[in-house]
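K.L.:
Got a sequence here, can you model it:
(2 chains)
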Amino acid sequence: MKFLCVDCDRQMLFEERQLPGDGTLAAAFRCPQCGRAVGLLTNPMETQLVASLGVKIGGTTIDPQPLETVRGMVTTGRDEAFAEGTGDGGRGTSVTWSVEAQERLARVPNFVRGMVKKIYADYARDRGLAEITPAVMDTARSELGLEGM
Amino acid sequence: MPLNIRTYHELTEPDRSGLPGQIAAQRRRVAARLAGVGRVVALMSGKGGVGKSFATAGLARALARGGWAAGVLDADFNGPTIPALLRIPVTGCTLHENGVEPPVSPEGVRCFSMALLLQDGRPLGFRGPEAESHVWRETLEAAALREFLADVAWGALDRLLVDLPPGIQRFQELAELLPAPPAVLTVTIPTTESRDAVRRAMQFARERGAELLGVVENMVDGPFTGDAGEALAREFGVPLLARIPWHPTQDVWDEVARRMEGVA
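P.N.:
Numbering: from 1, shown residues only, chains lettered A, B, ... in the order given. Just a heads-up that it's a prediction; the model follows:
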């Protein structure tokens, strides 16, 4: 999928992705010549198809987590299906979670919670953030393309 | 006056999404994970109820007893039975940075299965729009297969057996995900109905470049009559590796393993 600014005959570049939380996805592309922006709006079916492929519109800056699609999409998984092993990949520095962020994390099913927690923690560390708040989680979801997390 | 619009392939500027690149990276992860696997063998049949999972488990345990490092990927996501057949208790799977640790059977067979992840008695359910779910469900199951291949820390294995569900769809997905088509061991029961269904599956596998290792005929001394195993072996020019009775002993599976490995 690519977008062409027909007037300028230039390929438009991905700029931003937004996840309204209703199963849809919005992505903005901009012409590097005239600056015109267009929005790609996908319905829940189209969003699901992209997610099913395990790819992210706009790309991602983080490595895939083990069983990322299975853990993110299966709704009938056992709460105790996964136990976190040792080691944090040498990333070291811990981040804290605000009360509100902890409450939000607690609403994530156990089956996928460990992965979600790690993704947000890595995101915060990479950006030098000491605390994870709901606002940080929202930004990470959009930036990283974490549809549905 | 029609607009002059360039085509997809004519646009070659760097694309941050890089969706083809993301797909290629997924394939590379599969190849990297399986670099330590000597051979992937798909247990296949054109129909259900012939005992593929039973044969997969029996063969895997025999391989382990014979000194081969064996693993089983249970690719029947909607009817997973391999952990039970390998006598692996369903407990938490340990996650590490580099993947999921597969549980190990008493004989030393490494295994991964949807049965290890699902709630007792619950079918495999996916998050997503309910309407027209058939459009995306198979794609998600293919993604699960890719992750079972790439994200399970299989380690060094002589043989990774893949227990396929009935039909040919999962084989197609497996063949596309692997760097090369898997070898195929087909399982049939003696009947002509089974022969005809399995024939289609074998033809499908052969047309996609898979090596056919042989045929295992299962349930031979029970109520089923026919010579499907022999007929298929003759037609495809492959060995009939075994005719498995209703209650096979350990020796029967050991013989299948040796014949498959060419050491009988």
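
K.L.:
Return the distance of stretch A:6-24 from the chain's centre.
P.N.:
Remark: stretch A:6-24 is offset 16 Å from the chain centroid, using CA atoms, centre = their mean, to the nearest Å.

K.L.:
whoops, stretch B:179-192 was the one
P.N.:
Counting by CA atoms, centre = their mean, stretch B:179-192 comes out at 10 Å from the chain centroid.

K.L.:
Could you export it as CSV, CA atoms only?
P.N.:
The C-alpha trace of stretch B:179-192 is given here as CSV (Å, rounded to 0.1, in the frame of the first residue of the first chain):
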residue,chain,number,x,y,z
PRO,B,179,12.8,-21.8,3.7
ALA,B,180,12.1,-25.1,1.8
PRO,B,181,9.1,-27.4,1.8
PRO,B,182,8.9,-29.9,4.6
ALA,B,183,9.3,-33.6,4.1
VAL,B,184,6.0,-35.3,4.4
LEU,B,185,4.9,-38.5,6.1
THR,B,186,1.3,-39.4,5.2
VAL,B,187,-1.0,-41.3,7.4
THR,B,188,-4.0,-43.3,6.1
ILE,B,189,-6.4,-46.0,7.3
PRO,B,190,-7.0,-49.0,5.0
THR,B,191,-10.3,-47.8,3.3
THR,B,192,-10.7,-46.6,-0.2
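
K.L.:
For it, buried residues please.
P.N.:
B:181-191 (16 or more other CB atoms under 10 Å in any protein chain shown). Quick note: C-beta positions are derived from backbone N, CA and C, even for glycine.

K.L.:
tell me which of the residues you listed is nearest to B:Arg208?
P.N.:
Nearest to B:Arg208 among the buried residues of stretch B:179-192, counting by CB to CB, is B:Pro181 at 5.5 Å.

K.L.:
what pLDDT does that closest one get?
P.N.:
Among the per-residue scores, B:Pro181 holds a pLDDT of 96.

K.L.:
got it, and A:Cys34?
P.N.:
pLDDT, A:Cys34: 97.

K.L.:
Can you list phi and psi of it for me?
P.N.:
In terms of degrees, to the nearest 10, the main-chain angles of A:Cys34 are phi -100, psi -10.

K.L.:
Relative to A:Cys5, how far out is it?
P.N.:
Taking CB to CB, to the nearest Å as the measure, A:Cys34 falls 6 Å from A:Cys5.

K.L.:
Give me the more crowded residue out of these two.
P.N.:
A:Cys5 (20 against 12; other CB atoms under 10 Å in any protein chain shown).

K.L.:
What residues are bridge-paired with that one?
P.N.:
A:Arg10 (DSSP bridges).

K.L.:
Not counting residues beside it along the chain, what's closest to A:Thr42?
P.N.:
Closest residue to A:Thr42 apart from its sequence neighbours, by CB to CB, 6 or more residues apart in numbering or on different chains: A:Leu25 at 4.7 Å.

K.L.:
which residues touch the one you found?
P.N.:
A:17-19, A:40-42, A:46-47, A:50, A:57, A:147 (CB atoms under 8 Å, 6 or more residues apart in numbering or on different chains).

K.L.:
Looking at the buried residues of stretch B:179-192, which one is closest to B:Val152?
P.N.:
B:Pro182 (16.0 Å).

K.L.:
looking at this, A:Ala27 is in a helix?
P.N.:
No: using DSSP: H, G, I helix; E, B strand; the rest coil, the assignment for A:Ala27 is strand, not a helix.

K.L.:
Give the buried residues for the lowest-mean-pLDDT helix or strand in chain A.
P.N.:
Ranked by mean pLDDT, DSSP states H and E, the weakest helix or strand in chain A is strand A:82-84, scoring a mean of 80. By neighbour count with 16+ other CB under 10 Å, strand A:82-84 contains the buried residues A:Phe82.
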